[in-house]
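A.B. asks: no FASTA, just this:
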């Protein structure tokens, strides 16, 4: 796997540690387009206990869509 930007990994790590629920949409607003790859690194290389909540919402066209929400077990607000 090619190396990732450590600042992106650090940003997601801190968001999770502060109890924030992270989604791809939030990550995109922070300039991160490969959130699942960062979650993989945090889980497997750093041993963080991150769970994936499967969520559903209605998009702007009225269609049901699914997305993942990542939460650190034992984070500030969990």
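C.D. replies: Happy to help now that I have it. For clarity, every value in this text was computed on a predicted model and none was experimentally measured.
A.B. asks: look at the residue lying closest to residue 73 once chain neighbours are set aside and say how many residues are nearby.
C.D. replies: Using Cβ to Cβ, 6 or more residues apart in numbering and skipping residues adjacent in sequence, the residue nearest residue 73 is residue 49, 4.2 Å away. Every residue, glycine included, has its C-beta placed from N, CA and C. Close neighbours of residue 49, defined as other Cβ atoms under 10 Å, add up to 12.
A.B. asks: likewise residue 62?
C.D. replies: The local packing of residue 62 (other Cβ under 10 Å) involves 6 other residues.
A.B. asks: repeat that for the one 3 residues further on.
C.D. replies: Each residue near residue 65 was counted by other Cβ under 10 Å, and the total is 11.
A.B. asks: identify the residues contacting residue 74.
C.D. replies: Contacts of residue 74 were listed using Cβ atoms under 8 Å, 6 or more residues apart in numbering, and they are residue 49.
A.B. asks: same question, residue 16
C.D. replies: Shown in contact with residue 16 (Cβ under 8 Å, 6+ apart): 22, 42, 48, 50, 70, 71, 72, 75.
A.B. asks: got it, and residue 56?
C.D. replies: By Cβ under 8 Å, 6+ apart, the contact set of residue 56 is 64, 65, 66, 67.
A.B. asks: so it sits in a strand?
C.D. replies: Yes - counting by DSSP: H, G, I helix; E, B strand; the rest coil, residue 56 is part of a strand.
A.B. asks: what about the nearest residue to residue 38 once chain neighbours are set aside, neighbour count?
C.D. replies: In this structure, residue 38 finds its nearest non-sequential neighbour in residue 12, 5.0 Å apart by Cβ to Cβ, 6+ apart. Applying other Cβ under 10 Å, we find 25 other residues in the vicinity of residue 12.
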